[in-house]
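Chemist: mind folding the following:
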Amino acid sequence: MTRNNILTAIIIAGLGISGCGNGTTEYTIEQKTDAILKQIANEAPGKPVPPEAKKQISDKLKEQEAIANAARKEGLDKDENLKIISAITAEQALASSYLQKKAAAYKPTDADLKKIYDNEINNSKSYHLRHILVKTEAEANDIIAKIKSGEKFDVLAKEKSIDVGSGEKGGDLGWSPLNAFVPEFKNAALALKPKEMSQTPIKTQFGYHVLELVEAPKAPTNIPPFEQAKEQVKEMAKKQYIQELQKTLMAK
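Modeler: I've put the predicted structure just below:
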């Protein structure tokens, strides 16, 4: 979004300066203009506001105030729905300011950032898996026993798996990130070593799986080193922190 678009969005959308409600005329045009300029500085710190911005904002606020005053003369400020909209706008401004304040105060350590960085790398790794999917736990246990006794995984997959697509390939699922799979399947894959098979059936919404990690996972080759990625990871950490804060507040 360009700076001019930011100015327009703030003026039109509100951020607590909507002309629909009571009390708008308690503040001068200059006070309102300064408040918006301060808000812009908070939204985009370090980026200078264009010289023409103050006059743009001031002119728009004068127009808005003139229209709002006309609306008050006709009693529109007494409309209950508009009062509710004004309250919502005020809450929006308050909530936005609160989250900005919390985000600015959040200072993750390098250890915090490294943990997030490592987690992102792990999540982006590709895993080469194969599985045999059957309807019952007993069938899965029987297949595990047969493989342990020397029968071939790929042959049993072709004979027994109800996942026809992978079954025709000997159970091979190819290379995929683990986030492509349901949690139970993902967690089981994480616990396996290369060329290792699950020792117990894995239950998911699809049935019971016998799972094998065919070879070691591969991380993407285009991920920059931690020191180069630190600022990007910091923004990611801040976003995660705010999301968790919102969840906590909602739970309360």
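Chemist: from residue 86, how far out is residue 75?
Modeler: Distance, residue 75 to residue 86, using CB to CB, to the nearest Å: 15 Å. All C-beta spots, glycine's among them, are computed from the backbone N, C-alpha and C.
Chemist: quick one, which of these two is more surrounded?
Modeler: Taking neighbours as other CB atoms under 10 Å, residue 75 and residue 86 compare with residue 86 leading, 20 against 8.
Chemist: buried set for the helix or strand hosting residue 250?
Modeler: According to DSSP states H and E, residue 250 maps onto helix 226-251. Buried positions in helix 226-251, judged by neighbour count with 16 or more other CB atoms under 10 Å: 229, 233-234, 236-238.
Chemist: mind putting those residues into CSV with pLDDT and distance to residue 169?
Modeler: Formatted as CSV, the buried residues of helix 226-251 follow (pLDDT from 0 to 100; distance: CB to CB, whole Å):
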residue, pLDDT, distance to residue 169
229, 93, 36
233, 95, 38
234, 95, 43
236, 93, 36
237, 95, 40
238, 95, 43
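Chemist: now those as a markdown table including distance to residue 42?
Modeler: Output for the buried residues of helix 226-251, formatted as a markdown table (distance: CB to CB, whole Å):
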| residue | distance to residue 42 |
| --- | --- |
| 229 | 26 |
| 233 | 23 |
| 234 | 18 |
| 236 | 21 |
| 237 | 20 |
| 238 | 15 |
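Chemist: helices along the protein, start to end?
Modeler: If you assign secondary structure with DSSP state H, the helices in the chain sit at 3-13, 29-43, 53-73, 80-105, 110-124, 137-148, 153-160, 164-167, 183-190, 226-251.
Chemist: of all the ones you listed, which one is nearest residue 208?
Modeler: helix 137-148 (3.9 Å; CB to CB).
Chemist: hey, C-alpha coordinates of the closest one in PDB?
Modeler: Output of helix 137-148 as PDB, limited to C-alpha atoms (Å, rounded to 0.1, in the frame of the first residue of the first chain):
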ATOM      1  CA  GLU A 137      -5.800 -52.500  13.300                       C
ATOM      2  CA  ALA A 138      -5.700 -56.300  13.100                       C
ATOM      3  CA  GLU A 139      -4.900 -56.100   9.400                       C
ATOM      4  CA  ALA A 140      -2.100 -53.500  10.000                       C
ATOM      5  CA  ASN A 141      -0.600 -55.700  12.800                       C
ATOM      6  CA  ASP A 142      -0.600 -58.700  10.500                       C
ATOM      7  CA  ILE A 143       1.200 -56.700   7.700                       C
ATOM      8  CA  ILE A 144       3.800 -55.500  10.200                       C
ATOM      9  CA  ALA A 145       4.400 -59.100  11.300                       C
ATOM     10  CA  LYS A 146       4.700 -60.300   7.700                       C
ATOM     11  CA  ILE A 147       7.300 -57.600   6.800                       C
ATOM     12  CA  LYS A 148       9.300 -58.500   9.900                       C
END
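Chemist: for that helix, packing partners?
Modeler: strand 126-134, helix 153-160, strand 207-218 (3 or more CB pairs under 8 Å, 6 or more residues apart in numbering; DSSP states H and E).
Chemist: JSON lines for the helices of the chain, including distance to residue 203?
Modeler: Converted to JSON lines, the helices of the chain look like this (distance: least, CB to CB, whole Å):
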{"stretch": "helix 3-13", "distance to residue 203": "49"}
{"stretch": "helix 29-43", "distance to residue 203": "48"}
{"stretch": "helix 53-73", "distance to residue 203": "60"}
{"stretch": "helix 80-105", "distance to residue 203": "40"}
{"stretch": "helix 110-124", "distance to residue 203": "23"}
{"stretch": "helix 137-148", "distance to residue 203": "7"}
{"stretch": "helix 153-160", "distance to residue 203": "17"}
{"stretch": "helix 164-167", "distance to residue 203": "18"}
{"stretch": "helix 183-190", "distance to residue 203": "6"}
{"stretch": "helix 226-251", "distance to residue 203": "28"}
